[in-house]
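fold the stuff below for me.
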Amino acid sequence: MSTKKEVRRKGAASAGASAAKKPATRRGGTMTRAEIVEMFSRLRELNPHPTTELEYSTPFELLVAVILSAQATDVGVNKATRKLYPVANTPQAILDLGEDGLKRYISTIGLFNAKAKNVIATCRILVERYGGEVPRERAALEALPGVGRKTANVVLNTAFGEPTMAVDTHIFRVSNRTGLAPGKDVRAVEDALLKRVPAEFLQDAHHWLILHGRYVCKARKPDCPQCVIRDLCKYKDKTQAA
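Numbers count the residues shown, from 1 in each chain. Presented below is the predicted three-dimensional model:
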């Protein structure tokens, strides 16, 4: 997967020709289907195989990492799981570790007490009901402690290849700011994305949008001059090159 610097560098190069032909618009509105196709075509060219920045090797490791990532950074979660997973990376192994033992590995992550309790409870359910495996059904995932719709969507998409859309703060911002899929809340944005993103891009759209929001379309000061889709974006207050 492309690094932050590669995303910025490639984005600037790729956007140059397109932006020169079509100046950035300052009107509001919603992207057309043709603009959406062009948007994801560029994001795909920039990063053909996007994936999560959370480190994992099994669906269970991903599930735990996503539970831990609530109100925490992927970097912080990865630092913790790099120490945890060599010791315990299955539901039974974490149960054997115990809640206090788990806390020692995740104490650098925000809300670690509540997260440890949820992870232990989730591991118990996985062992007792699913033979230690992560279920592939949304309802079963959302019934696990510490797992909501967004976490279930991440697991279904990233671990099992389902065309789901987990809307986090980055995707919510990018979808509304660009005019890709405006919505008043995360569920409205999720529903709009599932309707508006063409099927050929839907599998990877979640990761493209997160990376774009994390490194380019940032909350306080979007890096519009380096944006590969700036000429398609409907944001009225684009930043200018220094």
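
what's the next secondary structure element after the worst-scoring helix or strand of the chain on mean pLDDT?
One helix or strand of the chain scores below all others by mean pLDDT, DSSP states H and E: helix 4-21, with a mean of 42. Scanning forward in sequence from helix 4-21 by DSSP states H and E, the next helix or strand is helix 33-46.

in that next one, what counts as buried?
For helix 33-46, the neighbour count (16 or more other C-beta atoms under 10 Å) marks 35, 36, 38, 39, 40, 42, 43, 44, 46 as buried. Heads up, the C-betas are built off the backbone N, CA and C, glycines and all.

over to stretch 161-176?
So, applying 16+ other C-beta under 10 Å, buried residues of stretch 161-176: 162, 164-168, 170-176.

do the same with stretch 154-162
Here stretch 154-162 shows 154, 155, 156, 157, 158, 159, 162 as buried, counting by 16+ other C-beta under 10 Å.

rewinding a little: columns pLDDT and secondary structure on top of the buried residues of stretch 161-176, output as CSV?
Output for the buried residues of stretch 161-176, formatted as CSV (pLDDT from 0 to 100; DSSP: H, G, I helix; E, B strand; the rest coil):
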residue, pLDDT, secondary structure
162, 95, coil
164, 95, coil
165, 96, coil
166, 95, coil
167, 96, coil
168, 94, coil
170, 96, helix
171, 97, helix
172, 97, helix
173, 97, helix
174, 98, helix
175, 98, helix
176, 97, helix
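
closest to residue 120 among these?
residue 166 (23.7 Å; C-beta to C-beta).

for the closest one, what are its contacts?
Contacts for residue 166 (C-beta atoms under 8 Å, 6 or more residues apart in numbering) come out as 150, 151, 153, 154, 157, 190, 206.

and the residue lying closest to it once chain neighbours are set aside, how far is that from residue 30?
In space, and not counting its chain neighbours, residue 166 is closest to residue 153: 3.6 Å by C-beta to C-beta, 6 or more residues apart in numbering. In this view, residue 153 and residue 30 are 23 Å apart by C-beta to C-beta, to the nearest Å.

more neighbours, the two?
Shown here are residue 153 and residue 30; by other C-beta atoms under 10 Å, residue 153 has more neighbours (22 against 14).

isn't the more buried one right up against residue 164?
Yes: applying C-beta atoms under 8 Å, one finds residue 153 in contact with residue 164, separated by 4.2 Å.

overlap in contacts, the two.
residue 206.

can you list the domains in the protein?
4-52+165-226, 59-159 (automatic domain parsing).

mean pLDDT lowest for which of those domains?
Lowest mean pLDDT within those: domain 4-52+165-226, at a mean of 84.

can you tell me how far residue 219 is from residue 169?
Counting by C-beta to C-beta - residue 219 and residue 169 are separated by 8 Å.

so the nearest residue to residue 163 once chain neighbours are set aside, which of the three states?
Closest residue to residue 163 apart from its sequence neighbours, by C-beta to C-beta, 6+ apart: residue 202 at 4.2 Å. For residue 202, the assignment made with DSSP: H, G, I helix; E, B strand; the rest coil gives helix.

is it correct that residue 202 is in contact with residue 161?
No: the criterion here is C-beta under 8 Å, and residue 202 misses it with residue 161 at 11.0 Å.

element containing residue 136?
Going by DSSP H and E, residue 136 is not in any helix or strand.

hang on, I meant residue 208
Counting by DSSP H and E, residue 208 is part of helix 199-215.

no more questions from me, cheers.
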